[in-house]
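*Asks:* can you look at this prediction? I've put the sequence above it.
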Amino acid sequence: LGRKKLEKSVKAVIVFALAIAWMSVAGQLGAATQQQRSMESAQFLTPKPAIGQEYENVFSIAFSIKGAGFDELVRRNSGTGVYVTTAVEKDKLTFSASSRYDGQPVDNSIDTISNGGKTDCWGSVCRDYTDASGLLYNELLWGKTPPRIHPGESWDVAIERPWELGPASKQRVTVIHFDPIAHAATLMRQGEAAGPIANEQKQVHITRAGKTYLVDVVPGVARWRGYTTFLEGFVQSDELVMERSVKLVSAEIGELDASERIYILLNAMPRGSV
């Protein structure tokens, strides 16, 4: 009886030792696999165009305020852009650019993008690039990436000022997928915050029972989420939807509860499309 107990104990120790060894090997294999799946972020998110290289995109933005007791307010804008690379310097790219918003004259200028995409100079007018989308990776909205990225990896971005679809806030960026052959990566961005957005419409006209009223817009908490695909740092496809509650206030109609939705779409086009 004692010998059988001893044999069982020895077997148990052996099984336990094998389990520990397997867990160690599995951990090492997992780490090795993760390393193989990770890639240098610069391949996907850092623009390195050649002189004369041309980029074209088509874009649109839609705006809606909807609620009980008034007609839904809807506005849309769209256009195209053409950019030909004329100079490549450290952290500064220069393009001969042409922008056409539908219903407006074509605007031709020299466009200089610098500071990790955060600063844009259209001709002699420079500004922080707070547009929700654009030609290339913008560190103001996407933050600095880690040296290497892999699917499922996330980082937080402190957006220090209001931007086109959100207030100053913290945004979470997650790597959804990348293609190491094409040097393309898809990122998801999402966030939630209260406060004004860039170029906030503080007043709008609404229609109620055939009559138009000017109302103040009091924004609530904004929530946004969307997916963007970059090819070597340039935007290939982009969609982002922001929704928030708002209150519409005027002396004539009092206070109305409503919801606001703004979304942007941007896609790269083949050269020579416009």
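*Replies:* It's in.
*Asks:* residues touching the nearest residue to R244 once chain neighbours are set aside, list them.
*Replies:* Closest residue in space to R244, ignoring its immediate chain neighbours: A222 at 4.1 Å, by C-beta to C-beta, 6 or more residues apart in numbering. C-beta: built from backbone N, CA, C; applies to glycine. Applying C-beta atoms under 8 Å, 6 or more residues apart in numbering, we find A222 in contact with 165-167, 192-195, 197, 242-244.
*Asks:* then R75?
*Replies:* 62-64.
*Asks:* any idea how far the nearest residue to S154 once chain neighbours are set aside is from P146?
*Replies:* Leaving out its chain neighbours, the residue that sits closest to S154 by C-beta to C-beta, 6+ apart is T174, at 4.4 Å. Between T174 and P146 the computed distance is 13 Å (C-beta to C-beta, to the nearest Å).
*Asks:* residue ranges in the stretch 151-274 of the chain under the pLDDT threshold?
*Replies:* For the stretch 151-274 of the chain, no stretch has pLDDT under 70.
*Asks:* and the strands in it?
*Replies:* Listed in chain order, the strands of the stretch 151-274 of the chain (DSSP state E, counting those that start in this stretch) span 154-159, 169-179, 184-194, 203-208, 211-231, 234-250, 254-269.
*Asks:* go through these and name the closest to G116.
*Replies:* strand 154-159 (11.9 Å; C-beta to C-beta).
*Asks:* just checking, what packs against the closest one?
*Replies:* Applying 3 or more C-beta pairs under 8 Å, 6 or more residues apart in numbering; DSSP states H and E, one finds that strand 154-159 contacts helix 139-142, strand 169-179.
*Asks:* nearest to G254, of the ones you listed?
*Replies:* That would be, of these and by C-beta to C-beta, strand 169-179, which comes in at 30.6 Å.
*Asks:* contacts for the closest one?
*Replies:* 39, 44, 141-143, 149-159, 184-193, 195, 227.
*Asks:* C-alpha coordinates for stretch 155-170, CSV please?
*Replies:* Output of stretch 155-170 as CSV, limited to C-alpha atoms (Å, rounded to 0.1, in the frame of the first residue of the first chain):
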residue,chain,number,x,y,z
TRP,A,155,-3.0,53.9,-26.8
ASP,A,156,-4.6,57.1,-25.4
VAL,A,157,-4.3,60.5,-27.0
ALA,A,158,-4.8,63.7,-25.0
ILE,A,159,-6.4,66.1,-27.6
GLU,A,160,-5.6,69.4,-26.0
ARG,A,161,-8.1,71.6,-27.8
PRO,A,162,-11.6,71.3,-29.4
TRP,A,163,-11.5,69.8,-32.9
GLU,A,164,-14.0,69.3,-35.7
LEU,A,165,-16.0,66.4,-34.2
GLY,A,166,-15.2,66.6,-30.5
PRO,A,167,-14.2,68.7,-27.5
ALA,A,168,-10.7,68.8,-25.8
SER,A,169,-10.6,65.2,-24.5
LYS,A,170,-8.9,61.9,-24.2
